[in-house]
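Enquirer: just coords:
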C-alpha cells in the first residue's frame, strides 16, 4: 500500500517537472528575439502579398513562401523562417508595383494599328 | 529600404493620389461635367489590328481557320487533332448535357424557360446586360437561371456545367460570333476596355501578358505547344483537353494561363475574367462557332 502511494507521488513529481520544463521551453521559444523577428517578417510579407492582390497582381509563389516560413517558425528554424518571409515580402512589393505601374493601358509597339 | 518601409511608402502614396483625385473630381464637378478620356482605338480598330498582325505572320492561313486555334498553323498538331476528331472525346459530354437540358428543375421548369431560343444560344454570349450593368457570359446565365428556379449554382471551371455548355455549344455550331458593344451604355465600353487592359497587362513572376504569348510570339513554341492567335480563342469552348483528361471551361483555361506565368489566378466568372472574355470574343467577331473542341 505504502509502495503504491510512493509510486503515485513519484509519478506526479515526474509529470510536474516534465510539464514545467516543456512550459519553460515553450516560453523561451516564444520570447526568442529571432522568433519575434520571424513572426514580424511573416506579417509584413503577408501584408505585401495582400497589397499585390489588391491590384490583381499577386504571384503564385508568394503565398507558398509564406506558408513555408510559417512552417519553419513552428519548427523553431527561425533563420529559415526569416529568410523565406523576407523573400516573400520582396515578391509582394515587386508584384504590387508591377500591377500598380500598369494602370494605364499600354499597347505594345509590335501591334500596329 | 526594408519591406515594411516600402509598404508604408506605398500606403502614403496611395493616400496622396486619392486626395489629388478627389480634388480633381471636385474641380470637374464645379466646371459643370465630367469629360471621358478619349478612346485611343475603337473595338473595330482593335480587331483589324489583331487580324492584320496575324495575316502578316501567317500569310497562307485564311482568317476563318483562326477558329481552329493553333491547329491552323501547326501542321503536325493538326494531323493529330483531325485523327482525334474522328472519335471526339467530348461526345459523351454532349449527350450528358442534352439530358441535363431536358431534365426539369424541381419546380417543373426547364432551361428552355430561361433560354427560349435554346439550346443553341451560344452566339448570343457574352453580351452586355444593361439592367445588371455587367457582362453576362453563358455559364453565368446558366447559373442565374438555376438560382431563379431554386437550384444550386454550378461550379464554373469543371464539373456538371461543362456537359451542359458542351451540348449548348454543339447546338450553336455554325453561328457567327457577333459581340455587340452597345453605344447607349458607356459602361459596356468600359468593360471592353477593362478586358483589353487585362489582356495587355504583364503579370506573374514571369512578367508576361496575354499578348506576350498570343500576339508577340504566336506560332512559336512553349515547350511542345504552339502558341495560338487570340483571334479565334473563344470559338470552341468548352474544350476537352488531353492534359486535363476531361473537358473544361474557358475560364478554367484563363486560370491555367495565369498560373503558367506564376500569377495567382482570379475568380472564374469574376468581373476581370468576364471582361477579358468580352474583349477576346469581340476579336473573334465574324468567325463561326465550332465548339465543343478538342485540344492537347
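Expert: That came through, no problem. Small disclaimer: the values here were computed from a predicted structure and weren't measured. Numbering: from 1, shown residues only, chains lettered A, B, ... in the order given.

Enquirer: what is the subsequent helix or strand relative to the lowest-mean-pLDDT helix or strand in chain B?
Expert: When the helices and strands of chain B are scored by mean pLDDT, DSSP states H and E, helix B:3-31 comes last with a mean of 56. Downstream of helix B:3-31, the first helix or strand assigned by DSSP states H and E is helix B:43-57.

Enquirer: from the contact counts, what lies against the helix or strand that that next one is followed by?
Expert: Along the chain past helix B:43-57, the next helix or strand (assigned with DSSP H and E) turns out to be helix B:75-86. Contacts of helix B:75-86 with other secondary structure elements, assessed using 3 or more Cβ pairs under 8 Å, 6 or more residues apart in numbering or on different chains; DSSP states H and E, are made with strand B:293-295. For the C-beta atoms, the positions are set from N, CA and C on the backbone; glycine is no exception.

Enquirer: sheet partners, orientation included, of the strand it packs on?
Expert: The strands that strand B:293-295 pairs with in its sheet are strand B:239-241 (parallel) (by DSSP bridges).

Enquirer: can you list contacts of the strand it pairs with?
Expert: B:88-90, B:93, B:246-248, B:253, B:291-296 (Cβ atoms under 8 Å, 6 or more residues apart in numbering or on different chains).

Enquirer: can I get these in CSV including pLDDT and neighbour count?
Expert: As requested, the contacts of strand B:239-241 are arranged in CSV below (pLDDT from 0 to 100; neighbours: other Cβ atoms under 10 Å in any protein chain shown):
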residue, pLDDT, neighbour count
B:88, 97, 15
B:89, 98, 17
B:90, 98, 24
B:93, 98, 23
B:246, 97, 15
B:247, 98, 26
B:248, 98, 24
B:253, 98, 18
B:291, 96, 21
B:292, 98, 26
B:293, 97, 23
B:294, 97, 20
B:295, 96, 21
B:296, 91, 15
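
Enquirer: where does chain B dip in pLDDT?
Expert: Applying pLDDT under 70 to chain B flags the ranges B:1-4, B:6-7, B:9-40.

Enquirer: which element is the closest residue to residue B:194 other than its chain neighbours on?
Expert: Leaving aside its chain neighbours, residue B:194 sits nearest to residue B:275 (4.3 Å; criterion: Cβ to Cβ, 6 or more residues apart in numbering or on different chains). When secondary structure is defined by DSSP H and E, residue B:275 falls within helix B:271-283.

Enquirer: and that helix with helix B:43-57, angle?
Expert: On the basis of axes from the mean of the first three to the mean of the last three Cα atoms, to 10 degrees, helix B:271-283 is oriented at 70 degrees to helix B:43-57.

Enquirer: could I get the full set of strands for the stretch 101-250 of chain B?
Expert: For the stretch 101-250 of chain B, applying DSSP state E, counting those that start in this stretch gives strands covering B:127-129, B:134-136, B:221-222, B:225-226, B:239-241, B:246-248.

Enquirer: which of those sits closest to residue B:155?
Expert: Smallest distance to residue B:155 across those (Cβ to Cβ): 10.7 Å, for strand B:246-248.

Enquirer: what helices or strands is the closest one leaning on?
Expert: On a contact count with 3+ Cβ pairs under 8 Å, 6+ apart, strand B:246-248 meets helix B:161-171, strand B:239-241.
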